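**Student:** sequence unknown, structure follows:
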């Protein structure tokens, strides 16, 4: 189990590693760490890993923001610490890498991708990472 401070630093690091062209498009989004899902939308979310909800995007995806999108509360990307620790195990490096995966996944939803498109994007990203090694 890692500290909340370390977990939050993994989130900040993951956001900073998002390609600049994508990161520049992220506006009005709060990145939050919670131990467990507490909202009804989080408890009912279908996208899970090993039955656990690792992250959740809540808000208006970028393509859905029209000319009148202003004065609204920030969208929210929540990363669930306990679920990630259960999936990744006690190794801080595995937790760090899992946080990175979840951040990329939820940002893809923010960009307007459905679950299928997100999975394809993740597959291409992992393939590119492997080819760079």
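**Tutor:** Structure's in. What do you need? Every value quoted in this text rests on a predicted model; they were computed, and no experiment measured them.
**Student:** tell me which element the residue most central in space within the chain is part of?
**Tutor:** The chain has residue 103 as the residue nearest its centroid, 2.6 Å off, counting by C-alpha atoms, centre = their mean. Assigned by DSSP states H and E, residue 103 belongs to helix 92-110.
**Student:** helices or strands next to that helix in the packing?
**Tutor:** helix 4-17, strand 55-58, strand 75-80, helix 81-88, helix 115-131 (3 or more C-beta pairs under 8 Å, 6 or more residues apart in numbering; DSSP states H and E). (C-beta placed from N, C-alpha, C; glycine too.)
**Student:** hmm, who's touching the longest one?
**Tutor:** It refers to helix 115-131. Contacts to helix 115-131, defined as C-beta atoms under 8 Å, 6 or more residues apart in numbering, come from residues 47, 101, 104-105, 108-109, 113.
**Student:** Check which residues of it are buried.
**Tutor:** 118, 121 (16 or more other C-beta atoms under 10 Å).
**Student:** heads up, I number from 842, so please use that
**Tutor:** New numbering, starting at 842: the last item is helix 956-972.
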